[in-house]
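Q: Build me a model from this:
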Amino acid sequence: MPVNQNPPAPDLATVVANLQRQLLEQQQETNRLREQLAQINQRPQANEVPPQNVRIPPVVPPVPDIRPESRKKSFVLPSLSRKTLDTGG
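A: Numbering: from 1, shown residues only. Sure, this is the predicted structure:
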């Protein structure tokens, strides 16, 4: 009866070298794809207006008027009243 024999184990140094080569290839491919994506993102898309370097101000909510009711009423300065304007003095 033949004895079951396993194939010889691969050399550990060869396995490590192959894994390092695969890792380097993947890193190079990743860098290439990142550069390609950056170039695509810099191009204006169809029907898109290119950015105009305009700073959009933040949205600030209006400040509520908390003055008492008596101070909210408008008034006319005496020097600008209609009587003063009509008489010139």
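Q: By mean pLDDT, which helix or strand of this structure comes out lowest?
A: The helix or strand of the chain with the poorest confidence is helix 82-87; it has a mean of 55 (mean pLDDT, DSSP states H and E).
Q: Now do the strands in the protein.
A: For the chain, strands defined by DSSP state E do not occur.
Q: pLDDT below threshold where in it?
A: The model of the chain has pLDDT under 70 over residues 1-2, 45-52, 54, 56-57, 67-89.
Q: Look through it and tell me its longest helix.
A: Ranked by residue count, the top helix of the chain under DSSP state H comes out as helix 12-42.
Q: Show me which residues of that helix are buried.
A: Neighbour counts over helix 12-42 (16 or more other Cβ atoms under 10 Å) mark no residue as buried. For glycine as for every other residue, the C-beta is placed from the backbone atoms N, C-alpha and C.
Q: switch to numbering from 57
A: Yes, from this point I'll number from 57; that puts the last item at helix 68-98.
Q: That one - contacts with which helices or strands?
A: Using 3 or more Cβ pairs under 8 Å, 6 or more residues apart in numbering; DSSP states H and E, no helix or strand is in contact with helix 68-98.
Q: Dump stretch 79-93 to CSV, restricted to CA.
A: Extracted in CSV, the C-alpha atoms of stretch 79-93 (Å, rounded to 0.1, in the frame of the first residue of the first chain):
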residue,chain,number,x,y,z
LEU,A,79,1.0,44.0,-1.6
LEU,A,80,3.2,46.4,-3.6
GLU,A,81,1.2,45.8,-6.8
GLN,A,82,-2.1,46.6,-4.9
GLN,A,83,-0.6,49.7,-3.4
GLN,A,84,0.5,50.9,-6.8
GLU,A,85,-2.9,50.2,-8.2
THR,A,86,-4.6,52.0,-5.3
ASN,A,87,-2.4,55.1,-5.9
ARG,A,88,-3.2,55.0,-9.6
LEU,A,89,-6.9,54.8,-9.0
ARG,A,90,-6.7,57.7,-6.4
GLU,A,91,-5.0,59.9,-8.9
GLN,A,92,-7.5,59.0,-11.6
LEU,A,93,-10.4,59.8,-9.2
